[in-house]
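In: Got a predicted model here, sequence first, then my questions.
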Amino acid sequence: MAGKVFLIIWLSFGLLLSSCYPELSVQQYDKLRQDIAALDTERRGLSGNLTALKAKNAETLAYVAFLDKLATTQISKKILEGQFDADAVISASVNLTEMAKNLGDNEIVYFLASMKPDNESQTAQAYYKIIEYCMKKIKQNLAE
């Protein structure tokens, strides 16, 4: 008797499973494989786009960090009096040049090299050119 009950349960379970998972035709199976391949191709493309976006965001953040470091050179009593603090920028130029080289940006390195302690107007001009240039690069990265 227990064997018959077990057989009935086993057959019922088998029928239940076969009704839940119907067999696929060859055409349905091929279509499913094509869909999975297309989704995998799309996933790889999106993964590549994500990697590119991460790189652009990292570059943008590096420019923002550079601008922050550059702007902090102008926090002094001199700037409160409405004057440009050329000495502060020049004293920070070694660190700023290192940051610019890490960015791989020779334009900024060029502008930093043009800053001279004896020529405040040229130093101020280079300072503002660097800000303008960095803002342009940030805008380009954000637009892409």
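Out: Great, that's in hand. Numbers count the residues shown, from 1 in each chain.

In: Which strands or helices does the host helix or strand of residue 70 pack on?
Out: Here residue 70, judged by DSSP states H and E, is contained in helix 26-71. Under the contact definition 3 or more Cβ pairs under 8 Å, 6 or more residues apart in numbering; DSSP states H and E, helix 26-71 sits against helix 86-103, helix 120-143. Using the backbone N, CA and C atoms, a C-beta is placed for each residue, glycine as well.

In: nearest to residue 56, of the ones you listed?
Out: Taking Cβ to Cβ as the criterion, residue 56 comes closest to helix 120-143 out of the helices and strands packed on helix 26-71, the separation being 4.9 Å.

In: which other residues reach the closest one?
Out: For helix 120-143, contacts defined as Cβ atoms under 8 Å, 6 or more residues apart in numbering pick out 56-57, 59-60, 63-64, 66-67, 70, 84, 86, 89-90, 105, 107-108, 111-112, 114-117.

In: Go through that helix and flag the buried ones.
Out: 120, 123, 124, 126, 127, 130, 133, 134, 137, 138, 141 (16 or more other Cβ atoms under 10 Å).

In: So which residues make contact with the helix or strand just after the helix holding residue 70?
Out: Using DSSP H and E, the next helix or strand after helix 26-71 towards the C-terminus is helix 77-80. Residues outside helix 77-80 that contact it (Cβ under 8 Å, 6+ apart) are 84, 85, 88.

In: change it to 7 Å
Out: In this structure, residues lying in contact with helix 77-80 by Cβ atoms under 7 Å, 6 or more residues apart in numbering are residue 85.

In: per-residue confidence averaged over that helix?
Out: For helix 77-80, mean pLDDT rounds to 80.
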